[in-house]
Every structure is written in structure tokens, then in C-alpha cells.
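Enquirer: build me a model:
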Amino acid sequence: MHAVFVMTSLTDLAGIGGTVTVPRRAQVTGLGLVGTSIALALRAQGWWVTGHDLDAARAQRARDLRAVDEIGVDHLATVAFVATPVAVIAAEVNALLLADESGELVVTDVGGVKAPIVSEISHPRFVGGHPMAGSEQEGPDGADPELFAGATWVLTPTASTDPAAFSTIQSVIVSFGADLVALAPDRHDDLVAVVSHVPHLTAATLMGLAAESTDTHTALLRLAAGGFRDMTRIAAGSPAIWPDICRENAPAILPVLDDLIARLNEVRRIVAENDRLSLVALLDHAQLARRNLPPRASRPSSVTELHVVIPDRPGVLAQVTTIAGELGVNIEDLEMFHSQIRPRGVLILTVAADAADRVRRALDEHGFGLSRAADRRPVIAIDGPAGAGKSTVAREVARRLGLERLDTGAMYRAVTLEALEEDVDPRDAEGCAALARSMDLSVGELVMLNGRDVTEQIRSARVTEAVSIVAAHPEVRAELVRRQRAWVEANGAGVVEGRDIGSVVLPDADLKVFLTADSAERAWRRAAEEPAGSDVLAMTAESIRCRDELDSTRVASPLVAPKGAIVVDSTGRSVESVVEEVLSCL
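Expert: Residues are numbered from 1 along each chain as shown. This is a model prediction of the structure:
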């Protein structure tokens, strides 16, 4: 039924208004240290978690630790993490997606190698991932829901990645306290060979050297101080995952090993020849580089939204996010909106404020433009007739952009209510204007009139019948236009809805939208808000016809599509699609 557009579409959207009564469902396949830590982190966020592991005892242990709610595979889960050995990740991911019954399942993995895995999975709802976190502990008993707090979590989107899937995984990862970095799969593999794979092999080799030396020097390990223990700590991790990693990432690991061996040979030469200058230079360079390592990431105190105008083609998401990743910039949040009428969209990246300029420059160098709303918070004017969906759309646009919203219709209704309560004839222009000038009015989620909440009263039938008469008075409109402009000036930005916003109140708004729908649809929407009755639809249709006539023929600020406005027809469309079209035009 078209009337669904009015309110229920919004409240039914996850994360928009209302509360979620059914727990979100997640699947974790592989319940070792990382998998069980993910399960615990999900449960801490209110997810219902189903876990699976080929080792039945390990799965039961995870259940005993309350890391999972049940054991098995949940075919109605909407998010899944695959934390198995690298060699079987692709098969597990493909099996989960094939068996999905929700139609919404998004899958990611935690494998330490990405390119070989991603090449075997072409599904748009798979997003390769790798949390750069771990512990020398093993299995469910070593799991910790805080393992990922402050850790870097790499995602590796490709040309086939669905932006909505990326956004879903990103939001879950951020809820764990991790910092998201996006990289191309092969770039990830090259980098982790240097910072993870070869260091692990080196630590294992050094630990093996020391262990073998104890056969002839039993006191050696008792002399191992903090430095040795720090260097070899990672050698205590589970050996089981490393054969697969080394096999799959050998093309990246071998050149790094060759480089390391060459550098050790140079160190050998320096020591053998007592080359003091070269040794000091080597150690000085290493000391400086070590001190300049970035600290463990923390939440930025200030963030900036970058609205990136992108062509509507595959691979753009991966390209833009990896540009930020190559700069070492964490993506704090991400949303993507597609235009219904143009082959383009807007990708909203939220990054630390002190990194925003670097990302802007890099995007510009790669040919990506920023919308005019990117450098400042926009003023958005939304006009339209009764029942077009202005309030519903304006509320959601404001929420997504983090802006305040002003319902100017509520202001006219408040004046009308005051007139009726003070026995002022709604046709008395000067009497109504005097009330408008003297009243104390605040319009937000609540409408406060002279210190009392009138949010419900202004929607009464008697106010609805009289508001068009009051709103037609030029004197009333002049006072309320003054207040509306003052509201925008005070807020510096915002979403303002009404019937003359783009044409009179804010003709220079950053974006002007004229929202409409056919009369039958608008009647259905308004009728759905009224008590049921056999003639309610007919009465509502007649009421809307009369309101349209009054609004469009009044002398002061008639209802018209403002010059330069985009006209959006919401007939038969969901709230989501209308909101995305509006946002894509910023």
C-alpha cells in the first residue's frame, strides 16, 4: 500500500528512529582466538551469535564461555565472519552465501592474506578483511571482546563490492572499537609481508637459534632480557595458521626475505670490518624510524565529512576508500547514495579533521570532485504540497547529514492554535500577526508554545481546518519568515521544510527540493493517519484539494516549485530512494 511511505518506512529502517525488538543475527565460522573474540564483541553489541567450528569441543567451549548463543549455521544471519585457516576461507564464504536465506547476508573474513582469497570470491556481498590484532594465547579461552579496541582492521574492497555491504561491515567493525583502513588486496599482501609475515618468521628463527643454543649454554635463556622477549613474543602464537599464509603469500614474502638477508649480510660486513661510521648511521636511522612509528590509533576528537561525487560504476568504492587507506587515514564512517535520475552518486566519508585536507588533495589528484556541501554544512530547503512526504524526508535527510531540522508548517499551526485559543478570528490578519510577533515559540522534536508542549494540539482537526487561512496573511508570513531566517543564521545550516522555503525564505539555499506526489497517493498517505472510516479517503482527498487551491492561489508566497529546485516525485517510492536522490544532488 502506498501509504507505507508516510512513517512506517522510516521506523522500520535499521538504526532510524524506534527501537529494534528483534536481535540482529550474526554467524561466526571458526571459533579460535580471533573468531571467539569477534563473537564476544558481537554479543557485547547486542547481536544474537551462532558459531560453528569443525572441532566440536572447541565450539562447545565457546558456547560454555557464552561467546555464542548457539552452535551451528544460521541461514538467516545478516552478517558473517569467517575465521578459519586461510586455505578454506573461500570455500566457507561461498557456502555461506549460497545457503543464505535472508537475502541480506554480508560476509567478511579475517585471513592474513587477501589477494588469493578475494580472487576466488566474486559475490558483491563479500568484503575481504584482516584485523591486525592477535595474542600469543590460543583458542576460545584466550579470547577477549576488547582484542580489537584501537587495533587497525583492514578491508579490501574490489570492483565488485556492493557499497552497502562495505558500509555494513564497516559499521560493525567500528562498533568493536577498531580503526578501519581500506587497501587493495594485493597492496595489503605486500604490506603485511613486511610488517607481519617476515617479522613472525624472523622471530621464530631467532627463538629457534636461542633454543638450540641452550643445549650447550644452559644459562642463555635465563639471560634473555626484555628486548629479546619483545622481539620473540609473536613466536609464541599458534603455528597452525602459518603454513597456509606462507604458501598463499609467498610472492610477497620471498622478496622481503631476500631484502632482509641482504641487509643482514651488510650488517655482517659492518661488524667484520669494524665499520664504526656505517654502524652508527644504521643504528641512528633505525632509532629515528622506530620513534616515528605512529602510536596506537585512538578516536579522533574532531571529524570531517567529505562528500565525494562519484560516477555510478563498479569499482568506485574500492578506489576511493583505498586512496584514503594508502594515506594511512582511518575511515570513521561511510555512507553511499545513488541518484535515481543521474548516473552518479555521493559517497560520504567521515575522517579525522586533521587528515581531511590530505584526503581531499589525493581525491582531487585522482579526478574525484567534492560536492559543494563538502567544505561546509549545507542549508537545504524542502517544499511541497500536503502529503508529499516533506516531514518524513526532511527528518531523514537531517539525520543522515547530522543537521537540525525546522518544520515551518508547525510554526503556522502554532499561530493558528494560539488564535483559536485566544478567540482571535483566523481571518483577522492583524490579530493573528500580533500573536505571531508576541508568542514564545520553539520548534524541534517538540513544539513549545509560550512554555508548554503543543506538539499534539497543533495537529488537531480544528487547527488543520484553519491553518491555510492564517498562513495566507502576509503579516503573519512576514513575521514567521523573519524567525525562520534567524533560525538558519543561528544554526549555520539545517534542513528547512515548508511551502515557500526555496522561493521566499531561503532562495539562496545550497539545495532546493520541491517534493511532490500525485493527489491520490497524497490522499492515501493522509488517510492512513486518520481513524478508520468508510468515507475517510474521500474526505481526505477533498481536504487536500482545497488545501492545494488555497496554498497555490494565495497572494503572499504562493506554493510554487522554486527556481533552481530539483523536482522529486515520491509517488510509489520508498522513503529510502527519495532520500538518496536528495542527498545525491548535494
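Enquirer: you'd agree residue 238 is up against residue 33?
Expert: Yes. Counting by C-beta atoms under 8 Å, residue 238 touches residue 33, with 7.4 Å between them. (Glycine included, C-beta is placed from N, CA and C.)
Enquirer: now do the shared contacts for those two.
Expert: Counting by C-beta atoms under 8 Å, 6 or more residues apart in numbering, the shared contacts of residue 238 and residue 33 are residue 138.
Enquirer: with neighbour numbers in mind, choose between those two.
Expert: Set residue 238 next to residue 33 and count neighbours by other C-beta atoms under 10 Å: residue 33 wins out with 25 against 15.
Enquirer: report pLDDT for the more buried one.
Expert: Note for residue 33: predicted pLDDT of 93.
Enquirer: what's it sitting at in phi/psi?
Expert: phi -60, psi -50 (degrees, to the nearest 10).
Enquirer: need phi/psi at residue 510.
Expert: phi -60, psi -30.
Enquirer: then residue 240?
Expert: Per degrees, to the nearest 10, the backbone of residue 240 is at phi -60, psi -30.
Enquirer: list the residues that contact the closest residue to it other than its chain neighbours.
Expert: Excluding its sequence neighbours, the residue lying closest to residue 240 (C-beta to C-beta, 6 or more residues apart in numbering) is residue 85, at 6.9 Å. When contacts are counted by C-beta under 8 Å, 6+ apart, residue 85 touches 30, 240, 241, 244.
Enquirer: over to residue 492?
Expert: residue 377.
Enquirer: next one: the one 3 residues further on
Expert: Contacts were defined as C-beta under 8 Å, 6+ apart; by that measure residue 495 touches 380, 382, 394, 397, 398, 401, 403, 404, 405, 406.
Enquirer: sec struct for it, please.
Expert: Under the three-state scheme (DSSP: H, G, I helix; E, B strand; the rest coil), residue 495 adopts strand.
Enquirer: ok, and the closest non-adjacent residue to it?
Expert: residue 398 (4.2 Å).
Enquirer: what mean pLDDT does the strand or helix carrying that neighbour have?
Expert: Secondary structure assigned from DSSP states H and E places residue 398 in helix 390-401. In this model, helix 390-401 has an average pLDDT of 90.
Enquirer: what packs against it?
Expert: Secondary-structure packing of helix 390-401 (3 or more C-beta pairs under 8 Å, 6 or more residues apart in numbering; DSSP states H and E): helix 8-12, strand 379-383, strand 405-407, strand 494-498, helix 575-584.
Enquirer: repeat that for 10 Å
Expert: Using 3 or more C-beta pairs under 10 Å, 6 or more residues apart in numbering; DSSP states H and E, the elements in contact with helix 390-401 are helix 8-12, strand 333-338, strand 379-383, strand 405-407, helix 408-421, strand 494-498, strand 511-516, helix 575-584.
Enquirer: angle of it against helix 408-421?
Expert: 130 degrees (axes from the mean of the first three to the mean of the last three C-alpha atoms, to 10 degrees).
Enquirer: what's the angle between helix 390-401 and strand 379-383?
Expert: Per the same axes, to 10 degrees, the angle that helix 390-401 makes with strand 379-383 is 160 degrees.
Enquirer: make 155 the first number, not 1, from now on.
Expert: Sure, I'll start counting at 155 from here, so that last one is helix 544-555.
Enquirer: pull the CA atoms of helix 544-555 into PDB?
Expert: Provided in PDB are the C-alpha atoms of helix 544-555 (Å, rounded to 0.1, in the frame of the first residue of the first chain):
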ATOM      1  CA  LYS A 544       8.200  16.600   3.300                       C
ATOM      2  CA  SER A 545       8.500  15.900   7.100                       C
ATOM      3  CA  THR A 546       9.400  12.300   6.700                       C
ATOM      4  CA  VAL A 547      12.100  13.000   4.100                       C
ATOM      5  CA  ALA A 548      13.400  16.200   5.800                       C
ATOM      6  CA  ARG A 549      13.800  14.300   9.100                       C
ATOM      7  CA  GLU A 550      15.800  11.500   7.500                       C
ATOM      8  CA  VAL A 551      18.000  13.900   5.400                       C
ATOM      9  CA  ALA A 552      18.800  15.900   8.500                       C
ATOM     10  CA  ARG A 553      19.600  12.700  10.500                       C
ATOM     11  CA  ARG A 554      22.000  11.400   7.800                       C
ATOM     12  CA  LEU A 555      23.800  14.800   7.500                       C
END
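Enquirer: what about that helix, distance to the chain center?
Expert: 16 Å (C-alpha atoms, centre = their mean, to the nearest Å).
Enquirer: try stretch 313-322
Expert: 11 Å.
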